[in-house]
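Asker: structure for the following, please:
(one chain, ligands or ions: 2)
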Amino acid sequence: MLITHDTECALSILVELLNTAPEACGTEQLPDVPALSAFVVRQEISEIDSLTPADVTAVQAVRGRLREVFSADSTDRAAELVNAVVAAAGTTPRLTNHDHHGWHIHYFAPHAAIGDHLAAELGMALAFIVMAGERERLRRCEAPDCARVFVDLSRNRSRRYCDSRTCGNRLHVAAYRARQRSAEAVTTG
Ligand SMILES: [Zn+2]
Ligand SMILES: [Zn+2]
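Answerer: Numbers count the residues shown, from 1 in each chain. Ligands and ions are numbered 1, 2, ... in the order given. This is a model prediction of the structure:
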């Protein structure tokens, strides 16, 4: 797969961001400036100066647009959505080696507001996935009561659940209980 380490890092932030949405987890995980600040720290997002309530609204809007790419029904549609997100953000690709990271490219304009920053970086990560012909790796969890998304980076593209320790296990347990019940029904019936 022609995905660089930097793109993988951006995709991991993308998944974390999308799964903060009420559609994904039932409640808004980025409701205010403190929650957004905590997200910035946790995800080590660089060059964010200060945050305002307008940034919270902008991030929520960008999040919704990025999520649409996961449910696009064709690659043409996914490309159109990605282009729109990135174009609206305004990008200025530049090389940087800040904070002892090796040389890598930042796509966001210097000191861009966080909404534009995320739209440029995460939109470009999605652009690379589409370009590599790997759009099918953008998945929604298959657990019936889960709407979280994930990027399947497994070699054989076999991942089905957002987090195998929660959704995967939960389903295994449910399937086991169902088998037990039908076995009991056979022996007692
Ligand atoms: Zn960087
Ligand atoms: Zn799940």
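Asker: surely Val33 is in contact with Ala54?
Answerer: No - with contacts counted by Cβ atoms under 8 Å, Val33 stays clear of Ala54, the gap being 9.8 Å. Bear in mind the C-beta positions are built from the backbone N, C-alpha and C, glycine included.
Asker: of these two, which one has the most company?
Answerer: Val33 (15 against 11; other Cβ atoms under 10 Å).
Asker: just say helix, strand or coil for the residue nearest to that one when sequence neighbours are not counted.
Answerer: Spatially, and ignoring its direct neighbours in sequence, Val33 is nearest to Leu51 (5.1 Å; Cβ to Cβ, 6 or more residues apart in numbering). State at Leu51, reduced to three classes by DSSP: H, G, I helix; E, B strand; the rest coil: coil.
Asker: ok, Leu51 - how many residues close by?
Answerer: 19.
Asker: go on, Thr20?
Answerer: 19.
Asker: give me every residue in this protein lying close to ligand 2.
Answerer: Taking Cβ under 5 Å from the ion as the contact definition, the chain meets ligand 2 at 141, 143, 146, 148, 162, 167.
Asker: could you redo the last one with a cut-off of 6 Å?
Answerer: By the rule Cβ under 6 Å from the ion, the part of the chain lying against ligand 2 is 141, 143, 146, 148, 161-162, 167.
Asker: closest to Leu81 out of those?
Answerer: Of all these, Arg148 has the smallest distance to Leu81: 19.5 Å, by Cβ to Cβ.
Asker: quick one: contacts of stretch 54-72?
Answerer: Under the criterion Cβ atoms under 8 Å, 6 or more residues apart in numbering, residues 14, 17-18, 20-21, 23, 28, 30-33, 35-36, 78, 81-82, 84-85, 89, 113-116, 118-119, 122-123, 126, 135, 138-140, 149 lie in contact with stretch 54-72.
Asker: need the helix or strand of this protein with the lowest average pLDDT.
Answerer: Sorted by mean pLDDT, DSSP states H and E, the helices and strands of the chain end with helix 169-188, the least confident at a mean of 69.
Asker: measure stretch 152-161 end to end?
Answerer: Across stretch 152-161, the terminal residues are separated by 9 Å (Cα to Cα, to the nearest Å).
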